[in-house]
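> Starting from these lines, generate the structure:
(chains A and B)
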Amino acid sequence: QKEVEQNSGPLSVPEGAIASLNCTYSDRGSQSFFWYRQYSGKSPELIMFIYSNGDKEDGRFTAQLNKASQYVSLLIRDSQPSDSATYLCAVNIGAGGGNKLTFGTGTQLKVEL
Amino acid sequence: GAVVSQHPSWVICKSGTSVKIECRSLDFQATTMFWYRQFPKQSLMLMATSNEGSKATYEQGVEKDKFLINHASLTLSTLTVTSAHPEDSSFYICSARGGPGGGTDTQYFGPGTRLTVL
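Numbers count the residues shown, from 1 in each chain, chains lettered A, B, ... in the order given. Coordinates of the predicted model:
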C-alpha cells in the first residue's frame, strides 16, 4: 500500500465549478499535511497546510482533514483555467519518519472553459 | 516571504563532467534543505536531506559519492552531480524548511534546475 495515495486524474471541471481533490494516507502518526500545486515544467508551490481536524480556508481554497479516516482533501471554489495543474498532497509523519514529506503522485486538474 | 532560489535554472553538459547546483533561501534561514529529482510525468523523488553543518542523509538507492551535497550555511546548500551520464538527466529541485508564515515543517521549493547530459 502506498503511503500517500491520490487519483492521478485527469479531473475535469467546468470554469466556475468546485474542484474536489482527495488524498489518503497510511500512517496514523502523520502530523501535518500539505497541498502543493505544480504547473507543467515548474516546481511545486505551496497552497496550504493543515494540522488539525476540520476545515481550513484561504481564499478560494479549503483544505479538509479527517485524521480518523486518514483523509485530506482540497476544494477549489470558482475554478479558473489558471488552476489547471497537478496538485500534490504531501504528508509529514514527524520525527519518527525523519521529518520528511512523503508526496502522492499528484492529481491532474483541468478546468475547461 | 519564503523565497528559495536555485542556480542555474538549466544546464547542458557532456557525459563525464560534474555539475554543481546551488540552492539558497533568500529571506529566511533554513537549517534543513532537501534535494528532489523528478523525471517527466513522475512524482517527486527525495534524494537527500541536508542539514547545516553536518553530513547529508541520503535516501535508499541514491549514491552519495555521485550526488555530493554540502550545506555550508543556513542559507545555502549545493548539489554536485559528479561524472554525469545521460541517465542523470532530470529536473532537480531543492526545498528549504521553515520560512515566515508557514509551519515549522513547511517546505518551500526552489524553481528547479533542468539538467541535460549529452
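> buried residues in stretch B:55-64?
Buried residues in stretch B:55-64, counting neighbours by 16 or more other CB atoms under 10 Å in any protein chain shown, are found at B:56, B:57, B:58, B:62. The C-beta positions use only the backbone N, C-alpha and C, and glycine is treated the same way.
> From these, list the ones also adjacent to chain A.
Residues of these in contact with chain A (CB under 8 Å from any CB of the partner chain): residue B:57.
> Which of the buried residues of stretch B:55-64 sits closest to chain A?
Closest approach between those and chain A, by CB to the nearest CB: residue B:57, at 7.2 Å.
> Tell me how many other residues crowd residue 75.
Reading this off chain A. 16 (other CB atoms under 10 Å in any protein chain shown).
> ah, no, chain B please
So residue B:75, with other CB under 10 Å, has 19 neighbours.
> correct me, but it touches residue B:24?
Yes - counting by CB atoms under 8 Å, residue B:75 does reach residue B:24; the two are 5.5 Å apart.
> How many residues are close by the closest residue to residue A:94 other than its chain neighbours?
Of all residues not flanking residue A:94 in the chain, residue A:31 sits nearest, at 4.6 Å (CB to CB, 6 or more residues apart in numbering or on different chains). Neighbour count of residue A:31, defined by other CB under 10 Å: 17.
> Distance from the chain centre to stretch A:34-48, please.
Counting by CA atoms, centre = their mean, to the nearest Å, stretch A:34-48 is centred 10 Å from the centre of its parent chain.
> okay, and for the chain, where does confidence drop off?
Answering for chain A, as no chain was given. A:1-2, A:95-97 (pLDDT under 70).
> Let me rephrase: I mean chain B.
Looking at chain B by pLDDT under 70, you get B:1, B:99-103.
> so what's residue A:108 bridging to?
Counting by DSSP bridges, residue A:108 is bridged to residue A:86.
> which residues touch residue 42?
With no chain named, the answer covers chain A. By CB atoms under 8 Å, 6 or more residues apart in numbering or on different chains, residue A:42 lies in contact with B:111, B:112.
> nope, chain B please
Contacts of residue B:42 by CB under 8 Å, 6+ apart are residue A:105.
> Please consider this matter closed, and thank you.
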